[in-house]
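>>> Quick one, what's the 3D model for this:
(one chain, ligands or ions: 2)
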Amino acid sequence: MSVTEQQLESIKNSIKSVPDYPKPGILFRDVTGLLEDAKAYSATIEILVERYRNKGITKVVGTEARGFLFGAPVALGLGVGFVPVRKPGKLPRETYSEAFSLEYGTDVLEMHTDAVKPGDVVLVVDDLLATGGTIEATVKLIRRAGAEVHDAAFVINLFDLEGEARLKALGLECFSVVNFPGH
Ligand SMILES: O=P(O)(O)OC[C@H]1O[C@H](OP(=O)(O)OP(=O)(O)O)[C@H](O)[C@@H]1O
Ligand SMILES: Nc1ncnc2[nH]cnc12
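Ligands and ions are numbered 1, 2, ... in the order given. Model (predicted):
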């Protein structure tokens, strides 16, 4: 199936914008409407799976929490395993840990040390790219485990928050299904 302009429009329209959430000055791009719309959700997954099929991807990594909602179905579509990167204290075995800053705060992310290995070619998936802090930390975790990051894929790129430039500086290509301004 190839995705039509109409499907892209329905994906875009399903994402609602909420001013001043979770803090004054933040324009929150809410993917819950997309998740509630089966056609828009499956078209989104299809776009990502089609783009990364036959590219040698061996693992998909998704970041808690919204990255799970897109990363896991993309992993299944590609026929590879899914690795969760989680907020601190949630993973039961030995982890690598990375601190980072976010558009509206700071956080720490963790990944099991044995979840990806040298030789793995990893696709990172998240719902949204803003400043790029979350994905920079995720890429550092994957590289610490000795695996290669192929690409980072997003449903939404907030293109004026310069996340893409931050990830390019890490040597990473980015793809996003739709683009919105951050403000
Ligand atoms: O590019 P950045 O500036 O790092 O921002 C993007 C990240 O922020 C959001 O996650 P959040 O930390 O709010 O967590 P959630 O998925 O648990 O809601 C979003 O899902 C991305 O992961
Ligand atoms: N503006 C925004 N909307 C939704 N999620 C976000 N994560 C970071 N910035 C965000």
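>>> For the residue nearest the centre of the chain, which three-state class applies?
In the chain, the residue lying closest to the centroid (CA atoms, centre = their mean) is residue 126, at 1.3 Å. Per DSSP: H, G, I helix; E, B strand; the rest coil, the secondary structure class of residue 126 is strand.
>>> per-residue pLDDT, it?
With respect to pLDDT, residue 126 scores 98.
>>> Would you map the strands across the chain?
16-19, 27-30, 59-63, 81-85, 95-102, 105-112, 121-129, 148-158, 174-180 (DSSP state E).
>>> Of those strands, which is nearest residue 140?
When these are compared by CB to CB, strand 95-102 sits nearest residue 140, at 5.0 Å. From N, CA and C alone the C-beta is placed, and that goes for glycine too.
>>> list the helices and strands the closest one packs on?
strand 105-112, helix 133-144 (3 or more CB pairs under 8 Å, 6 or more residues apart in numbering; DSSP states H and E).
>>> for those, which one sits closest to residue 10?
Of the helices and strands packed on strand 95-102, nearest to residue 10 by CB to CB is helix 133-144, at 26.0 Å.
>>> Looking at the helices and strands packed on strand 95-102, spot the one closest to residue 39.
Nearest to residue 39, of the helices and strands packed on strand 95-102 and by CB to CB, is helix 133-144 at 27.4 Å.
>>> Cool, thanks, talk later.
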